[in-house]
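[1] Structure for the following, please:
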Amino acid sequence: MNSKQLFSHRLSQALTHYGVPEKGRGRANQIASMFGVTANAVRKWLEAESLPETWRIIDIANVLGVRTEWLLSGQGRMLPDGSEPLGEMVQPMLSLLASSSEEARKLFFLVAEKERRGELNGRHITAVVNLIEKFTEAP
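    Numbering: from 1, shown residues only. Down below sits the predicted model:
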């Protein structure tokens, strides 16, 4: 396997761990919304046609809660020692991202980071999901 194929495989593993639906179920669109890129760019990453820039790989690793070194090179463990799967807490918010406003996306990433650090619990996530739903309601 070449470096693009290896990265694509690791990215897919990280996305699955995070709770992003499998390919064919809106995965590229959801990832594009998460990272502010086009679905075509995401498709190229997932199909091993290109690699994101290094700074974006670092961002992806941070949001998905995986080790940057692992996502970049495959070295070491996927998850930081002692971490909990981020997807369980944030999963309810993912379906809202595709249709969310920019404010809602910013809120999502703020919450994802705080949850990754262990600063939130299920009640917090429920409250944020309710806020995001309000952001996405028609005026």
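[2] All the helices of the protein, residue numbers only.
    Using DSSP state H, the helices of the chain run over 3-18, 27-35, 39-46, 54-64, 68-73, 87-97, 102-116, 122-136.
[3] Among those, show the one with the smallest mean pLDDT.
    Ranked by mean pLDDT, the helices of the chain bottom out at helix 87-97, which scores a mean of 53.
[4] Report how many residues lie close to Thr111.
    You called it Thr, but residue 111 is Val. Using other Cβ atoms under 10 Å, the number of residues around Val111 comes to 22. The C-beta positions use only the backbone N, C-alpha and C, and glycine is treated the same way.
[5] same question but for Glu49, I mixed them up
    13.
[6] was I right about it contacting Asn2?
    No: Glu49 is not in contact with Asn2 according to Cβ atoms under 8 Å; the separation is 11.1 Å.
[7] And Gln75, how close does it get to Arg10?
    11 Å (Cβ to Cβ, to the nearest Å).
[8] Between the two, which has more neighbouring residues?
    Between Gln75 and Arg10, Arg10 has the larger neighbour count (other Cβ under 10 Å), namely 19 against 9.
[9] Many thanks, have a good one.
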